[in-house]
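Novice: Okay, sequence plus prediction incoming.
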Amino acid sequence: MKPDTTPPNATPAESQWVDGELVRSLMRTQRTTQPLGLALIPIFLAVLWNDASRAALLLWAAATVAAAGLRLWVVRRYERNVIHAGPESQLAFLREWGLAWPASAALWGLTTALFFLRAPLADQFVCWLVLAGLAMFSINTLSSHLPTMRRYLDALAVTSVAVMLWRILDPLPPVAYEWWMVLLLVVFWQVLRQAGLRLHTTHRRNFELQYRNNQLIDSLTRQTQAALDAVEIKNRFLASAAHDIRQPVHALGLYADWLGSEPELVHDIAPKIVESTKAVNALFDSLFDLVRLDSGKIKLNIEELRLDKLLHDLELQYRPLAEAKGLQLRVHAVPGTVVSDPILLQRIVGNLISNAVKYTRKGGVLVAARMTRRGPRIEIWDTGVGIAPAHQREIFREFFKVPGHSGTEDGFGLGLYIVARLSHILGHPLHLSSRPGRGSVFRLHVNPTDANLAASRAAAAIDLRANQPARVDAVAAEPVDPASRHSREGGNPWRPLSRPALESHGSPPARG
């Protein structure tokens with residue numbers, strides 16, 4: 001039964017790599033085998049010198065030396081230009097220069113014309129031994145690349161059989177043993193092809209095993225690194241969570257003791273207890289979101305929802321928070337629908353509004369929804385502290401807090417990380433423009449969410465966590481060149497939000 005040369009479960013990438021390595025193996029053997037082929041030429045000349053035409057012998061020897069020189073030149077060209085190239089280049093080189101081997105084999109097959117039925121039987125026997133040895137040697141040196149080996153054997157055998165038939169069908173009456181010689185040569189040819197196939201299969205499986213071992217090593221390396229990263233993240237998480245939760249819990253204990261000893265101060269202490277409780281709840285909400293994302297089990301409910309209703313619901317939720325800081329919160333939403341997960345989309349926009357309010361001291365926050373040529377877009381503008389370009393991608397990493405940023409002492413460094421993860425899952429690209437001291441704008445393009453793609457991205461959340469840069473691939477920092485924004489949108493691109501601008505029902509003011 002003919003063995004398979006490629007396992008059924010081999011991937012295209014694996015097969016291509018193995019093919020390239022087989023070509024490399026073939027070319028590595030050629031430089032060392034060339035001298036043996038050249039050493040056989042004098043043997044033929046010595047055996048047939050008195051039996052064949054000397055001119056024909058010398059012509060054949062010259063042609064065979066030239067063919068050997070061509071093969072040596074091909075090997076050197078390969079070593080100069082292709083040896084370190086990829087599998088495609090390896091295979092292309094052999095397709096271009098692979099005929100050098102069957103051409104050399106054909107010249108050796110033509111030696112049959114010099115000795116078959118011409119030389120004494122003893123000399124013919126020596127010549128057949130040389131050709132048989134050459135053929136057997138070729139399956140060891142050429143079997144790495146099956147097509148090259150087969151072309152070599154076929155050229156050698158077909159040329160020899162053709163010459164033998166030509167000599168047998170000479171007007172002289174044929175002898176029975178001559179036909180047996182042809183049959184023996186054909187059988188020997190097929191046996192060599194099968195032996196070469198089996199040897200090639202061994203070579204291929206060795207390289208397949210090497211490829212899979214390399215893949216396994218790479219996989220183990222990645223998993224080890226992922227485990228180390230997970231330990232590091234866990235340590236940072238515990239340190240950050242312990243630090244962030246200690247203060248409000250400690251405050252709760254103090255307020256409770258204070259209230260127990262002086263119950264008449266309940267109206268002063270109760271709001272402080274409420275604020276501390278909110279801080280603890282905010283941390284736990286973020287941690288629960290993080291756990292759901294990293295478990296890959298976040299539930300998706302993709303449906304059509306009204307964008308204006310979503311934003312007005314968020315306005316009711318965050319207006320008291322803004323007014324408590326003396327900020328103006330305006331919402332401008334055009335009627336329209338989007339396809340997304342209403343809860344996750346609300347979580348994304350809510351986190352962005354919460355951050356805008358947290359890092360804005362004066363002025364206000366504008367939440368706007370508009371229809372663009374690329375589809376619906378939600379924008380959150382603020383007149384806050386802004387974000388330096390060096391931190392505009394780092395802020396989307398978990399537990400990251402901008403050094404020296406006012407307001408970060410009350411945060412956990414999880415809000416924008418969760419925003420980036422959720423926007424990636426839903427397929428809503430997020431863009432940031434910001435300038436320190438002048439404010440920021442987040443633009444969320446609410447493209448229609450494909451339920452199947454969103455589910456696959458959610459299931460891959462653990463892999464995304466293991467690769468830090470991949471977590472923010474849905475986030476891009478826009479250019480912050482004031483001149484370019486000024487020319488595109490008109491007016492001062494970085495002016496703070498004024499009261500008329502916040503109260504306008506038109507487009508948001510042009511800021512970077």
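Specialist: Cool, the structure landed. Residues are numbered from 1 along each chain as shown.

Novice: does residue 376 sit in a helix or strand, and which one?
Specialist: strand 375-382 (DSSP states H and E).

Novice: Residue 305 now?
Specialist: Element membership of residue 305, judged by DSSP H and E, is strand 303-306.

Novice: Next: residue 456.
Specialist: Using DSSP H and E, residue 456 sits within helix 451-459.

Novice: Also residue 308?
Specialist: Using DSSP H and E, residue 308 falls in helix 307-324.

Novice: Could you do residue 339 as well?
Specialist: Using DSSP H and E, residue 339 maps to strand 337-340.

Novice: Would you map the helices across the stretch 101-250 of the chain?
Specialist: Assigned by DSSP state H, counting those that start in this stretch, the helices in the stretch 101-250 of the chain fall at 112-115, 121-142, 146-168, 176-261.

Novice: The last one vs helix 146-168, what angle?
Specialist: The one in question is helix 176-261. Helix 176-261 and helix 146-168 are oriented at 170 degrees to each other (axes from the mean of the first three to the mean of the last three C-alpha atoms, to 10 degrees).

Novice: which strands and helices sit next to helix 176-261?
Specialist: helix 12-48, helix 121-142, helix 146-168, helix 266-295, helix 461-466 (3 or more C-beta pairs under 8 Å, 6 or more residues apart in numbering; DSSP states H and E). For every residue, glycine as well, the C-beta is placed using N, CA and C.

Novice: tell me the mean pLDDT over that helix?
Specialist: Averaged across helix 176-261, pLDDT comes to 81.

Novice: Stretch 455-471 too?
Specialist: 57.

Novice: ditto for stretch 94-106
Specialist: Average pLDDT, stretch 94-106: 90.

Novice: quick one on the thing from earlier: which neighbouring elements make contact with the strand holding residue 305?
Specialist: Against strand 303-306 (3+ C-beta pairs under 8 Å, 6+ apart) you get strand 337-340, helix 342-358.

Novice: on that earlier part again, return the most buried member of the helices of the stretch 101-250 of the chain.
Specialist: Mean neighbour count, computed with mean count of other C-beta atoms under 10 Å, is highest for helix 112-115 among those, reaching a mean of 21.

Novice: Mind exporting the C-alpha coordinates of that one to PDB?
Specialist: Provided in PDB are the C-alpha atoms of helix 112-115 (Å, rounded to 0.1, in the frame of the first residue of the first chain):
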ATOM      1  CA  THR A 112      24.100   2.300 -22.200                       C
ATOM      2  CA  ALA A 113      24.700   3.100 -25.800                       C
ATOM      3  CA  LEU A 114      28.400   2.800 -25.200                       C
ATOM      4  CA  PHE A 115      28.500  -0.600 -23.600                       C
END
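
Novice: which residues are in contact with it?
Specialist: If you take C-beta atoms under 8 Å, 6 or more residues apart in numbering as the criterion, helix 112-115 is touched by 44, 47-48, 51-53, 56-57, 60, 123-124, 127, 131, 159-160, 163-164, 166-167.

Novice: neighbours around the closest residue to residue 311 other than its chain neighbours, how many?
Specialist: The shortest distance from residue 311 to any non-neighbouring residue, by C-beta to C-beta, 6 or more residues apart in numbering, is to residue 333 (4.3 Å). Using other C-beta atoms under 10 Å, the number of residues around residue 333 comes to 20.

Novice: ok, residue 333 - contacts?
Specialist: So residue 333 contacts 307, 308, 310, 311, 312, 367, 368, 369 (C-beta under 8 Å, 6+ apart).

Novice: can you do 10 Å?
Specialist: 306-312, 314-315, 367-370, 376, 378 (C-beta atoms under 10 Å, 6 or more residues apart in numbering).

Novice: sec struct for residue 444, please.
Specialist: strand (DSSP: H, G, I helix; E, B strand; the rest coil).

Novice: who does it bridge with?
Specialist: On the basis of DSSP bridges, residue 444 is bridged to residue 378, residue 430.

Novice: Mind splitting this protein into its structural domains?
Specialist: Following the assignment in automatic domain parsing, the chain carries domains at 12-221, 303-503.

Novice: Could you pull out the buried residues of the strand holding residue 339?
Specialist: The neighbour-count check on strand 337-340 (16 or more other C-beta atoms under 10 Å) flags 338, 339, 340 as buried.

Novice: Stretch 336-349 now?
Specialist: Judged by neighbour count (16+ other C-beta under 10 Å), stretch 336-349 contains these buried residues: 338, 339, 340, 341, 342, 344, 345, 346, 347, 348, 349.

Novice: returning to that earlier point: any idea which of the helices and strands packed on strand 303-306 scores lowest on pLDDT?
Specialist: Among the helices and strands packed on strand 303-306, helix 342-358 carries the lowest mean pLDDT, a mean of 86.

Novice: and the angle for it with helix 307-324?
Specialist: Interaxial angle, helix 342-358 versus helix 307-324 (the same axes, to 10 degrees): 30 degrees.

Novice: Can you show me the CA trace of helix 342-358 as CSV?
Specialist: The C-alpha coordinates for helix 342-358 follow below in CSV (Å, rounded to 0.1, in the frame of the first residue of the first chain):
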residue,chain,number,x,y,z
PRO,A,342,-27.9,48.0,25.3
ILE,A,343,-26.4,47.2,28.7
LEU,A,344,-22.8,47.0,27.5
LEU,A,345,-23.1,50.2,25.3
GLN,A,346,-24.6,52.0,28.3
ARG,A,347,-21.7,50.8,30.4
ILE,A,348,-19.2,52.1,27.8
VAL,A,349,-20.8,55.6,27.5
GLY,A,350,-21.5,55.7,31.2
ASN,A,351,-17.8,55.1,32.1
LEU,A,352,-16.7,57.8,29.6
ILE,A,353,-19.2,60.3,31.1
SER,A,354,-18.1,59.4,34.6
ASN,A,355,-14.5,59.9,33.7
ALA,A,356,-15.3,63.2,32.1
VAL,A,357,-17.1,64.5,35.2
LYS,A,358,-14.4,63.2,37.5
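
Novice: moving C-terminal of that helix, what's the next helix or strand?
Specialist: From helix 342-358 onward toward the C-terminus, using DSSP H and E, the following helix or strand is strand 364-372.

Novice: How many residues are close by residue 88?
Specialist: Using other C-beta under 10 Å, residue 88 is surrounded by 11 other residues.

Novice: State the helix or strand in which it lies.
Specialist: Secondary structure assignment for residue 88, by DSSP H and E: helix 87-97.

Novice: Please apply the same query to residue 441.
Specialist: Per DSSP H and E, residue 441 falls inside strand 439-445.

Novice: Summarise which helices and strands that strand is packed against.
Specialist: Helices and strands touching strand 439-445, by 3 or more C-beta pairs under 10 Å, 6 or more residues apart in numbering; DSSP states H and E, are helix 342-358, strand 364-372, strand 375-382, helix 415-426, strand 430-435.
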